[in-house]
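Here is my input, please return the structure:
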Amino acid sequence: MQGGCFIHRLLRNARRGGFLLLLPLLLSAFSVGAWAQQVFKKVGSAGYAFLSIPVSARTAALGETSMALDGLGAEAIFSNPSAIGFAQSGHMFMVSYSPWIAETKHQAVAYVFQRSDVGFFGVSVIHLDIGEMQGTVNPDPTRTGSYIITEPFTADGIAIGFTYGRRLTDRFSFGVTGKFIQERISVYKSQNFGFDAGILYYTGFRSLRVAGGVRNFGVDAKYLEGVFKMPTDFRFGLAMEVYESSDRDHIVTLAGEALHPSDNDERINVGAEYGIARLVTLRGGYKFNYDEETWSAGLGLRVSSLNLDLSYSDLGRLGGNVRVTLAFAME
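Okay, the predicted model is just below:
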């Protein structure tokens, strides 16, 4: 009888905070992920790989532990769309750039605005510029090495997203992004639609936040005669300020994230940042169970409502990657 009363009180308190809204998505996300792991061969089974590249410098510096971060601004569109529900500004903008591996260029832009009491709306674009390559053709398939040089061609990938996020209570928010995706090689294209969804919950224990969601969820895509899966991943994240000075001039935040990608094994990301006088932020992160990616580091500078973030990520045998993000907000 005592056990039943305890469970009843637990459920009643959870309803007050909205935590029951969090559990169904997390449980369904990981159950679907586990089912997908059993049914499909994972490695190399998904396309649109550019959607898995971290977008902002802050996210990259923290080892992609961005689901439960506070104060993300417009970049929340790319990590957890529900986070825009707790935004303090009416208009937010960001642009990010990185010279990605193999002489490609990764770029992103996002804009978020608030519409009275309805919630927040956003639009975003991710673009991977693969550049120009020399075309060749083999006129005799029975012979090797008989290629003829043809005209150069270009290739790229692009995702255009539309986001809605809203805070339902003072502790809970949700968000969803629908996006159009295209990859192109010369005149050949593959197109599809997908969506991201996320939730964010402030637990009430100090500043602890928990978040969950899914990214790049959608039906199978086609390229010519081939069929491939979306690079879907399910994520669960935690974040908390473990130290705050009384004047908030010194803040230390720790974050962790577990993810279940559709085309690889489970992974763990951890990150930490140290904010100094609300002007400078030092960041670092580490990724576990990745093929090449390991540690990352970064720096954030803030002047009024303008933020400049820089990051460096170690990609193992692929070298290092630098990313720059500029963001600002206004009423």
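
low-scoring stretches of the stretch 1-150 of the chain, by residue?
Counting by pLDDT under 70, the low-confidence segments of the stretch 1-150 of the chain come to 1-44, 145.

Could you pull out the helices in it for me?
With DSSP state H, counting those that start in this stretch applied, the stretch 1-150 of the chain shows helices at 2-17, 19-39, 57-61, 76-79, listed in chain order.

Give the buried residues for stretch 247-264.
Residues 251, 253-264 are the ones in stretch 247-264 that count as buried (16 or more other C-beta atoms under 10 Å). The C-beta positions use only the backbone N, C-alpha and C, and glycine is treated the same way.

Closest one to Glu293 out of these, please.
Using C-beta to C-beta, Asn264 is the member of those that lies nearest Glu293, at 11.6 Å.

State the mean pLDDT of stretch 214-232.
Taken as a whole, stretch 214-232 has an average pLDDT of 92.

measure stretch 100-110 end to end?
Using C-alpha to C-alpha, to the nearest Å, one end of stretch 100-110 lies 19 Å from the other.

Now do the contacts for the spatially most central residue of the chain.
In the chain, the residue lying closest to the centroid (C-alpha atoms, centre = their mean) is Ser79, at 3.2 Å. The neighbours of Ser79, taking C-beta atoms under 8 Å, 6 or more residues apart in numbering as the test, are Val55, Ser56, Thr59, Ser66, Met67, Leu69, Leu72.

now Phe195: how far from Val125?
Distance check for Phe195 against Val125: by C-beta to C-beta, to the nearest Å, it reads 16 Å.

These two: which is more packed in?
Comparing Phe195 with Val125 by other C-beta atoms under 10 Å, the one with more neighbours is Phe195, at 18 against 15.

Identify the spatial nearest neighbour of that one, chain neighbours not counted.
Nearest in space to Phe195, with sequence neighbours left out and distances taken as C-beta to C-beta, 6 or more residues apart in numbering, is Gly178 at 4.8 Å.

Per-residue pLDDT of that neighbour, please?
On the pLDDT scale, Gly178 is placed at 97.

quick one, strands of the stretch 101-250 of the chain?
For the stretch 101-250 of the chain, the strands defined by DSSP state E, counting those that start in this stretch occupy 105-115, 119-133, 136-137, 148-149, 153-167, 172-185, 188-202, 209-217, 221-223, 226-228, 233-244, 250-261.

Tell me which of those strands sits nearest to Ala272.
Counting by C-beta to C-beta, Ala272 lies closest to strand 250-261 out of the strands of the stretch 101-250 of the chain; the figure is 5.2 Å.

could you point out which element follows that closest one?
Tracing the chain C-terminally past strand 250-261 and defining elements by DSSP states H and E, one meets strand 267-276 next.

going on from that following strand, what's the next piece of helix or strand?
strand 280-288.

From the contact counts, what lies against the next helix or strand after that next one?
Tracing the chain past strand 280-288, the next element assigned as helix or strand by DSSP H and E is strand 295-303. Secondary-structure packing of strand 295-303 (3 or more C-beta pairs under 8 Å, 6 or more residues apart in numbering; DSSP states H and E): helix 57-61, strand 280-288, strand 306-314.

Show me the contact partners of whatever helix or strand comes next after the last one.
Beyond strand 306-314 in the direction of the C-terminus, DSSP H and E gives the next helix or strand as strand 320-330. Among residues not part of strand 320-330, those counted as contacts by C-beta under 8 Å, 6+ apart are 54, 56-58, 60, 73-75, 87-101, 106, 305-315.
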